[in-house]
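Q: Would you be able to build a 3D model of this:
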Amino acid sequence: MAPTWTYPEFVEAARSDEGVVGLVLTGSRGRGVFVRPDSDWDARLVVRDESLAACQERFDTPHGSTVEVAVFSLSQFEQVVGELGSPNEWDRYSYVHAEVVLDKVDGRIAELVARKSVLPREAASEFAATALDGYINAYYRSAKNGGAGLFVEAHLDAVESISPFLAALFAMHQRVRPFNRYLRWELETFPLDGDLWAADAVLPRLERIAASGAIGEQQRLFRDVEAFARERGLGPVVDGWEPDVGFLRGV
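A: The predicted structure follows:
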């Protein structure tokens, strides 16, 4: 049976276990935001490779536990930082603004967390290009379907365009797209460049697109994204959609 820890008990047990080399607190408690009395403690425990099985047996807890622990060997944790597009890429934001509670290997855990919490410059450019193309693709399908009178389909495509748009927008700032729960907080606390991407400017636009799929709103957003992408050297991605760029602009 998995242990039932209080968080202080868990930290003390991890601190005194020679197999443990690091502890990272993620989620709302790790960021110190949206914390409620019933918020869980989302912990990533890093252990010596040879101690993995023993530490998993001692510390691993199932989803829904008050202290929810995932155990990684140090080798696994290094891989989890991983390359863009790796199977664990979806989890990168977990480490953004996370708290390194224990680091018994001379700062190695903090270094790995810091590497995961940003997008390397070259990788960010590649990721931004891929996400931007995905956004344009979804928007193009929305515009074409709407023009063909397929309004439900167009609306669904419009909604689908939001996710790659956000991924591209943050990647163009060399940043990791936040989980939706933290999107407003991230934009307000760590603003992106330019008034267009402030929380009180961009979020209402996305809300309108999600609510109605309005083509005029999508056209205006595309024009702003295109201009910003060209400033960031991603003009070739947009130009790859010729001869339909004028159609996408709606002008």
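
Q: Low-confidence stretches in the stretch 1-150 of the chain?
A: Scanning the stretch 1-150 of the chain with the threshold set as pLDDT under 70 gives 1-3, 80-88.

Q: Mind jotting down where the strands sit in it?
A: Applying DSSP state E, counting those that start in this stretch to the stretch 1-150 of the chain gives strands spanning 20-26, 41-47, 67-73, 99-103.

Q: Could you identify which of those is most buried?
A: strand 41-47 (a mean of 25; mean count of other Cβ atoms under 10 Å). Quick note: C-beta positions are derived from backbone N, CA and C, even for glycine.

Q: in its sheet, what does that one sit against?
A: Using DSSP bridges, strand 41-47 pairs in its sheet with strand 20-26 (antiparallel), strand 67-73 (parallel).

Q: Take those and lay them out in JSON lines including distance to S142.
A: Formatted as JSON lines, the strands paired with strand 41-47 follow (distance: least, Cβ to Cβ, whole Å):
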{"stretch": "strand 20-26", "distance to S142": "34"}
{"stretch": "strand 67-73", "distance to S142": "37"}
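
Q: V96 and A114: what is the separation?
A: According to Cβ to Cβ, to the nearest Å, V96 and A114 sit 10 Å apart.

Q: ok, back up a step: to Y135, which of the strands of the stretch 1-150 of the chain lies closest?
A: strand 20-26 (27.3 Å; Cβ to Cβ).

Q: thinking again about what came up before, more neighbours, V96 and A114?
A: V96 (21 against 14; other Cβ atoms under 10 Å).

Q: For stretch 170-184, buried residues please.
A: Neighbour-count burial for stretch 170-184, counted by 16 or more other Cβ atoms under 10 Å, picks out 170-178, 182-183.

Q: Next, give me the two most distant ones among those residues.
A: Distance extremes for those: the farthest pair is M172 and Y182 at 18.6 Å, using Cβ to Cβ.

Q: next structured bit after the lengthiest helix in the chain?
A: Ranked by residue count and defined by DSSP state H, the top helix of the chain is helix 121-147. Per DSSP states H and E, the first helix or strand lying C-terminal to helix 121-147 is helix 151-171.

Q: For that next one, what is the distance to the chain centroid?
A: 15 Å (Cα atoms, centre = their mean, to the nearest Å).

Q: Stretch 116-136 too?
A: With Cα atoms, centre = their mean, you get 12 Å for stretch 116-136.

Q: Run through the stretch 151-251 of the chain and note the low-pLDDT ranges.
A: Looking at the stretch 151-251 of the chain by pLDDT under 70, you get an empty list.

Q: Wait, F247 touches A143, no?
A: Yes. With contact defined as Cβ atoms under 8 Å, F247 counts as touching A143 (7.0 Å).

Q: Comparing the two, which residue is more hemmed in?
A: The residue with more neighbours, out of F247 and A143, is A143; 23 against 14, by other Cβ under 10 Å.

Q: got the contact list for the more buried one?
A: 154, 215, 218-219, 247-248 (Cβ atoms under 8 Å, 6 or more residues apart in numbering).

Q: Pull out the buried residues from those.
A: Here, 16+ other Cβ under 10 Å leaves 154, 215, 218-219, 248 buried among the contacts of A143.

Q: coming back round to it: kindly state which of the strands paired with strand 41-47 is positioned closest to L187.
A: strand 20-26 (19.7 Å).
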